[in-house]
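1. Turn this into a structure:
(2 chains)
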Amino acid sequence: MSTSGGKLLCMPDPDRIQRSRMTAFRSWVSEETGAALADDHALFEWSTRNVAAFWKLFVEWTGVRLGGAREPVIEGAEVETATFFPGAKLSYVDHVLRPPADESADVEVVIGVDETGAREALTRRELRRRVACYARELTSRGVRPGDRVVGIARNVPRTLVLYLATLSLGAVWSSVAPDMGTELLVQRVGQVHPKLVLADLSYPYHGALRENVRTDAISELVPGCTIVSMTEVEGWAPAGESPELTLAELPFNHPLVILFSSGTTGLPKCIMHGAGGTLVEHWKELALHCDLGPGDRLLFHTTAGWMMYNWLVSALVTGASIVLYDGSVSFPHADSLLRCVAEERCTVFGTSAAYLSYCRDAGLEPRSALDLSSLRLMLSTGSVLRDPMFEWAYENVAPVPIHSISGGTDIIGCFVLGSPNLPITCGESPMTSLALDVRAANGGGFVRAPAEGSVVGELVCVQPFPSRPVGFWGDEDGSRFHESYFSQNEGVWTHGDTIELTSRGTARIHGRSDGILNVRGVRIGPGEIYKVLELFPEVKSSVAIEQRAPEEPGGSRLVLLVVLADGGPVPRPLMLRIKKELAARTSPAHVPSVIVAVRDVPRTHNNKVSERAARDAANGELPKNVTALKNPEVLREIMADPEIAIVRENAVPLEEKN
Amino acid sequence: MTSSELRQRVIDWLDDNYHFGDAQNLIKDDEMSFLERGVLDSLGFVQLCVFLEKTYKIKIDRKSLTRANFDSLGKIVRYVTAHKDYRGPK
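-> Reported below is the predicted structural model:
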C-alpha cells in the first residue's frame, strides 16, 4: 500500500544549506571527480554507483586516521563477504578522544544527568585520563585483546569510560540495561562467555532505588565470568593519577562491540560489529546527515544497551558534545527529559515515537513551558513516527526539522535518515543513507525509487556497506548469519522492514516485514514469548503479533493469540498469570496488550505457524497468498474478534482528538 | 453502585497493565498514595488517564492530572464521578 505524498512540514534553512557539511562534502566530491552533483539526491545516486570511490573520498575528507594500506577500499563484490579496507588499521578510541583542532580545554564533551538532576561533566582531557585509569584496571584483571567485557550498566559517564577503556585494549564490549529480566539477560550475556561482567546492581528510577540484577543467577548460569560491582569501579580513577594510555592500531575490521538482537526464533543474535565500519558509518550519518560538529550538543535518549548508545558515543568523533540521560523521563517532572534538553542547551535531541506520544497524551506543552531555543534538529527512531506526530512535535516541542531515522542493531546505523539541505515531509525520511544502495524488493526485482510516484517492498541493500556485521559470535560457519540476512534474497542484504521509496528521493518505513515485533521501540522476538508460554500447559499453541494501533504510544500494540487445550475464552486468572510470568522473565515490553483465544492459529500446509498471516488479519488485511494456508478460515475469526477489531474501529484522527 | 464499578475498572486496568493480579493486594486502602507505594509511575498515570477518557467518554484536562486528583483509588473515583460528562457505568 503506497502512502507517499505526505504534508510538507518545513523547508530547510538556506543559511544552513550554505554552510552544511553535506553541501561542503558534495562540492568537494564534485571537484574531485568531475561529477555534476546538483543536490543531495544526486550525491546519493552517485554514491551508490561509486561505492568504493565514495568511501575512499569520505575517509580522506573527514581525516580518518588509517594505518597500513588504504587500498583496496573494498575486497570482494558480494554484500555478504566483501571487506572494507582489508589492509588498513585504526583505533576507534583514538578518534573519540582526540580533540578537534580548535577545541578549548575546558569544553564539557560528556555530560551525565540523571532524573534527580545530578550532573557530572567531563572534558576530553578528563575523559582520556579516566579511560587510561580504567584500562589499567581492566588489564590488571586479565582483560586482553579479543576478550568480551559486558556492562549491565546505567547510562552514566562511568559506563562510557568503561566502554572506551575496554575498546582501547582491543577487547570487545557488550552491554545490556540493568532493568532487563534475568532470563533475557542470561540469554544474552551467557552466549558471549565474558571475561568480566561489570554490573550496576541497583539503579534509580522514578525516585526509588530499584534492584534487579541477580548476580547469583548470572554467576550460576554464566560459569567462569567475574562479576564486578560498579560501586567498586567508581574507585578506579583516583584524582591525580594519570597513567599513560596506549591506543594500538588494530585491523580495520576487528570486532568492536557485540550487540544483541531478538530473532524470530532461537536465542538472541550476538551481532559483532567491526571498529572501522562502525566508525565511518557513524561519522557519515552524524556529520553529513545530521550536520553534527564542534559546538553541537546531542542528547539521544537511550539506555546503554541499545545501538543508539554506540551511535551517540560516536558523536564525540565529530567534535560535538554528548548528554547522557539516566532515569525516568517523567520524574520528578512530567517533562523531566525535555527539561534536561533545555537546561543543557542541546542542539540536537533524539527521541522516539513512544516518547512523543507520551508528551502528547500527558498534555505537555514544552514549546511554551521550556526554553528550547537551542534546538535545531529532532531525531526520532525505534518505531515508525506517524504523520500526525511530526506536526504535533513541530508545533508543541520546537519548530525545527524532525528526521525520522531507521536502521537498527543489525547494521549499527541507519538506512534512512535526513539531511540539513532537504525539506521535511510528514511521515517520511528525507533521504536514504549515502552509499547504501537501498532498494525495494517487490517481486519485480530490486527496485530503485521510480521516476514518478513510489514503490513499496522489502528493504534490501544490494551493494557492500562497511557497517555490515563482521559476523555473529559463536556462529563459526556463518550459517545463522547467512540465514538471518541473505537466505531470503540470495546475494543481497534483506533487512526485515518494508520500505517505500518515492520519486522525490524520500523514504517511508512501513514496519517490520518479518515476524519480529517492535512494540514501543522495543524489538521482541516472538520466540522469547513462546518460551515462557511453555510453562503453561493450558496453552496448546500461540502466536504473538504486532497490531497497528495508531493511538498507542509507538503506534502499535502486542497481541497474543492462544489456542487453549480446553477451548473457550481465556479465563482472567490465566491471562493475568501469563502476563505476570512474561513481565518477570522477559520485560514489561513483552507483556501483550490483549490475549485472545482462537480455535487455531494460521498454519501453512507444512503445519508451520504463519505469524505474518495472523498479523495481516489482525490489521484487517487478508494475506496475499491465502492458498499457502491450510486453515485460512481462522483469519476471518481473527479479523472479527472484538478485542482485536476495537483498535481499528477506535482509531481517531489526531486533529479530531485535539 | 456507580463508584464501585469505576473502582473495579481501575483495579482491573492496573492488573492488566502493571500488577497482573496483585493490584487488589497492593492497594491496602482506597486513600493509599499510588506514587509513594509504587503502584503507578507518572507514565502510568498518563496511560490510566487515556483509558478513563476512552472508557467513560470524558475529556480530562491535563492540568488536573495532579496528585490531588489522581494519586489514590479514592481520588480517581471521586474525580471521575464528579466530572461534568460522566454518565455512569459502562
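2. So the one residue in chain B that gets nearest to chain A versus residue A:43, what's the distance?
-> Per CB to the nearest CB, residue B:62 is where chain B lies closest to chain A, at 2.4 Å. Every C-beta, even on glycine, is put in place using the N, C-alpha and C of the backbone. Distance, residue B:62 to residue A:43, using CB to CB, to the nearest Å: 44 Å.
3. again, but for residue A:497
-> 23 Å.
4. For those two, indicate the residue with more neighbours.
-> residue A:43 (26 against 22; other CB atoms under 10 Å in any protein chain shown).
5. quick one, what contacts the more buried one?
-> Applying CB atoms under 8 Å, 6 or more residues apart in numbering or on different chains, we find residue A:43 in contact with A:22, A:25-26, A:29, A:37, A:434.
6. any idea which element it lies in?
-> helix A:40-49 (DSSP states H and E).
7. Any buried residues in that helix, and which?
-> A:40-41, A:43-48 (16 or more other CB atoms under 10 Å in any protein chain shown).
8. TSV please, covering those residues and showing pLDDT and distance to residue A:553.
-> TSV is the format used below for the buried residues of helix A:40-49 (pLDDT from 0 to 100; distance: CB to CB, whole Å):
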residue	pLDDT	distance to residue A:553
A:40	97	32
A:41	95	33
A:43	98	36
A:44	97	32
A:45	97	37
A:46	98	40
A:47	98	36
A:48	98	35
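9. Pick out whichever of those residues sits closest to chain B.
-> residue A:40 (37.6 Å).
10. thought the closest one was touching residue A:417?
-> No. When contacts are counted by CB atoms under 8 Å, residue A:40 is not listed as touching residue A:417 (11.2 Å).
11. Where does pLDDT dip in the chain?
-> You didn't pick a chain, so chain A it is. A:1-5, A:213, A:221, A:648-658 (pLDDT under 70).
12. Not quite, go with chain B.
-> Along chain B, the parts satisfying pLDDT under 70 run over B:1-2.
13. show me the biggest helix of it in terms of residues.
-> helix B:42-56 (DSSP state H).
14. List the contacts of that helix.
-> Taking CB under 8 Å, 6+ apart as the rule, helix B:42-56 contacts A:206, A:328-331, A:334, A:358, A:361-362, A:551, A:650, B:6, B:9-10, B:13-14, B:17-18, B:34-35, B:40, B:58-60, B:62, B:65, B:70, B:76, B:80, B:83, B:85-87, B:90.
15. Of all the residues in chain A, which one is nearest chain B?
-> residue A:363 (2.4 Å).
16. what about that residue, distance to residue A:64?
-> Residue A:363 is 47 Å from residue A:64, by CB to CB.
17. between these two, which one's more packed in?
-> In this view residue A:363 and residue A:64 are compared by other CB under 10 Å, and residue A:64 has more residues nearby, 20 against 16.
18. I'd guessed that one sits against residue A:277; true?
-> No. Assessed by CB under 8 Å, residue A:64 is found out of contact with residue A:277, at 11.7 Å.
19. quick one on the thing from earlier: in helices only, show me the contacts of residue A:43.
-> Per DSSP H, the contacts of residue A:43 map to helices at A:22, A:25-26, A:29.
20. can you list those residues in a markdown table and add neighbour count?
-> Converted to a markdown table, the ones in helices among the contacts of residue A:43 look like this (neighbours: other CB atoms under 10 Å in any protein chain shown):
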| residue | neighbour count |
| --- | --- |
| A:22 | 24 |
| A:25 | 21 |
| A:26 | 24 |
| A:29 | 21 |
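21. related to what we said a few turns ago, and the next helix or strand past the helix holding residue A:43?
-> Helix A:40-49 is succeeded, C-terminally, by helix A:51-62 (DSSP H and E).
22. Give me the buried positions along that next one.
-> A:51-59, A:61-62.
23. and if you look at stretch A:280-296?
-> A:280-292, A:294, A:296.
24. pull the CA atoms of that stretch into PDB?
-> The C-alpha trace of stretch A:280-296 is given here as PDB (Å, rounded to 0.1, in the frame of the first residue of the first chain):
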ATOM      1  CA  VAL A 280      33.000   5.500   9.200                       C
ATOM      2  CA  GLU A 281      29.300   4.800   9.000                       C
ATOM      3  CA  HIS A 282      28.500   6.700  12.200                       C
ATOM      4  CA  TRP A 283      30.700   9.600  11.200                       C
ATOM      5  CA  LYS A 284      29.000   9.800   7.800                       C
ATOM      6  CA  GLU A 285      25.500   9.700   9.400                       C
ATOM      7  CA  LEU A 286      26.300  12.200  12.200                       C
ATOM      8  CA  ALA A 287      28.500  14.700  10.300                       C
ATOM      9  CA  LEU A 288      26.700  14.700   6.900                       C
ATOM     10  CA  HIS A 289      23.100  13.600   7.500                       C
ATOM     11  CA  CYS A 290      22.800  15.400  10.900                       C
ATOM     12  CA  ASP A 291      25.400  18.100  10.200                       C
ATOM     13  CA  LEU A 292      26.900  17.500  13.700                       C
ATOM     14  CA  GLY A 293      30.200  19.000  14.600                       C
ATOM     15  CA  PRO A 294      32.000  21.200  17.200                       C
ATOM     16  CA  GLY A 295      29.600  23.400  19.100                       C
ATOM     17  CA  ASP A 296      26.800  20.900  18.900                       C
END
